[in-house]
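Undergrad: Just to be clear, the model below is a prediction. Sequence and coordinates:
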Amino acid sequence: MKIRVQNLRREFGKTIAVNSVSFEFESGQIYAFVGPNGAGKTTTMRIMATLDEPNAGDVFMDDLSVVEYPEKARHLIGFVPDELKPYWDTTVHEYLDFFARAHGLRGTQRTEAVASVEEFTNVGAIREKTLRSLSKGMKQRVSLGRALVADPQVLILDDPAAGLDPRARVELRELLTLLAKQGKAILISSHILTELTEICDGVVIIEQGKLLESGSIDDITAKRTPRRTYALRVLGEPRDLLRELLQTAHVENPRVAGTELHFEVEGGEDEAFGVLNTLIAAGHRVVEFRQTKANLEDIFMNVTTGGVQ
């Protein structure tokens, strides 16, 4: 399934929260949806999830218009809001069962669907606990289970890692990776950009309601920062090599990063190999030399300006 957001526009009075935003992703992909606070991420996601209507534009699940046929679209979409707002005295099992009924599941089909999401999200052991008593991480698992109970093809998550401890964030990433392998199309917003890099196939970046970039991380990096970035580790103090790198042909912006030196190479692999040969010939004991992977945080800082509406 291909999800296409086309020229979305949403106005609140004189404020244009979303301004002609278009992007697409498809089944089996995880796309990061990033931008500063107030950029229009939540508004866009709510429109995609049929919880709000745009002033203009549309969202398509293959050929199905979300704006024209929201009832049909809802069966294809699972939405995880930034905060679980449940009936606090409801148990985990009652909560999931309620939403299974709301999706029209009955009898054995409903029982099996609830049992399946309880097992997948690992909440079976707490199924009789009230939502009020759960940790933030467990609440997010229940929220994810609610979104999955009708087996949607599209999963939209609005900042699901907010407030989670490191273990819960790792577990959430593992669950999302499994869901993508099952063929779900996933859009996730988060402010923890370094962690999104590990699981995402692409990124959508918006600021002040406007689309800045969309596509694969590698493609955006190549477009925005055409120089390749390399990491170098030598025996000895990396700072001792910094001055020499500044005078080495094709090397730009060398800097110390922990026990490594990072720098850009103007050119391709031949120029990078030439830099390595120069350093070895000068007697430096190189123990590691590699091209670094594009990082969402670097892309975000390169693309956005920090503007707010």
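TA: Structure's in. What do you need? Residues are numbered from 1 along each chain as shown.
Undergrad: Now do the strands in the chain.
TA: For the chain, applying DSSP state E gives strands covering 2-12, 15-26, 30-34, 56-61, 64-65, 77-80, 154-158, 185-189, 202-207, 210-216, 228-234, 251-257, 260-265, 286-291.
Undergrad: Would you reformat the ones you listed as CSV and include distance to Asp97?
TA: (C-beta placed from N, C-alpha, C; glycine too.) Shown next, in CSV, are the strands of the chain (distance: least, CB to CB, whole Å):
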stretch, distance to Asp97
strand 2-12, 29
strand 15-26, 31
strand 30-34, 29
strand 56-61, 26
strand 64-65, 28
strand 77-80, 16
strand 154-158, 20
strand 185-189, 25
strand 202-207, 34
strand 210-216, 38
strand 228-234, 50
strand 251-257, 50
strand 260-265, 52
strand 286-291, 50
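Undergrad: Out of those strands, which is closest to Ala115?
TA: Closest to Ala115 of those, according to CB to CB: strand 77-80, at 17.3 Å.
Undergrad: CSV for the strands of the chain, including mean pLDDT and mean neighbour count?
TA: Converted to CSV, these look like this (pLDDT from 0 to 100; neighbours: other CB atoms under 10 Å):
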stretch, mean pLDDT, mean neighbour count
strand 2-12, 98, 18
strand 15-26, 97, 19
strand 30-34, 96, 25
strand 56-61, 98, 18
strand 64-65, 98, 14
strand 77-80, 96, 22
strand 154-158, 97, 23
strand 185-189, 97, 25
strand 202-207, 96, 24
strand 210-216, 95, 19
strand 228-234, 90, 19
strand 251-257, 89, 15
strand 260-265, 90, 20
strand 286-291, 93, 12
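Undergrad: Identify whichever of those lies nearest to Thr42.
TA: strand 154-158 (5.6 Å).
Undergrad: Between strand 56-61 and the closest one, find me the angle.
TA: Between the axes of strand 154-158 and strand 56-61, defined by axes from the mean of the first three to the mean of the last three CA atoms, to 10 degrees, the angle is 130 degrees.
Undergrad: Now do strand 154-158: which elements does it pack against?
TA: On a contact count with 3 or more CB pairs under 8 Å, 6 or more residues apart in numbering; DSSP states H and E, strand 154-158 meets helix 41-48, strand 77-80, helix 136-148, helix 166-181, strand 185-189.
Undergrad: That strand to strand 2-12, inter-axis angle?
TA: Relative orientation of strand 154-158 and strand 2-12, computed by the same axes, to 10 degrees: 40 degrees.
Undergrad: Could you list the residues in contact with strand 154-158?
TA: Contacts with strand 154-158, where a contact means CB atoms under 8 Å, 6 or more residues apart in numbering, come from 1, 3, 41-42, 45, 48-49, 61, 76-82, 144, 147-148, 176, 179, 184-189.
Undergrad: make it 6 Å
TA: 3, 42, 45, 48-49, 76-82, 184-189 (CB atoms under 6 Å, 6 or more residues apart in numbering).
Undergrad: what about the most centrally placed residue in the chain, distance to Cys200?
TA: Central residue of the chain (CA atoms, centre = their mean): Ala32, 2.7 Å from the mean position. The spacing between Ala32 and Cys200, counted by CB to CB, to the nearest Å, is 4 Å.
Undergrad: Could you do Asn55 as well?
TA: From Asn55 to Cys200 the distance is 29 Å (CB to CB).
Undergrad: Settle it for me: which of these two has more neighbours?
TA: More crowded of Asn55 and Cys200, by other CB atoms under 10 Å: Cys200, with 23 against 12.
Undergrad: Angles on the backbone of the more buried one, please.
TA: phi -90, psi 140 (degrees, to the nearest 10).
Undergrad: Surely it touches Ile30?
TA: Yes: between Cys200 and Ile30 a contact is recorded at 5.0 Å, counting by CB atoms under 6 Å.
Undergrad: For the stretch 51-200 of the chain, give me the ranges with low pLDDT.
TA: In the prediction, the stretch 51-200 of the chain carries residues with pLDDT under 70 at positions 86.
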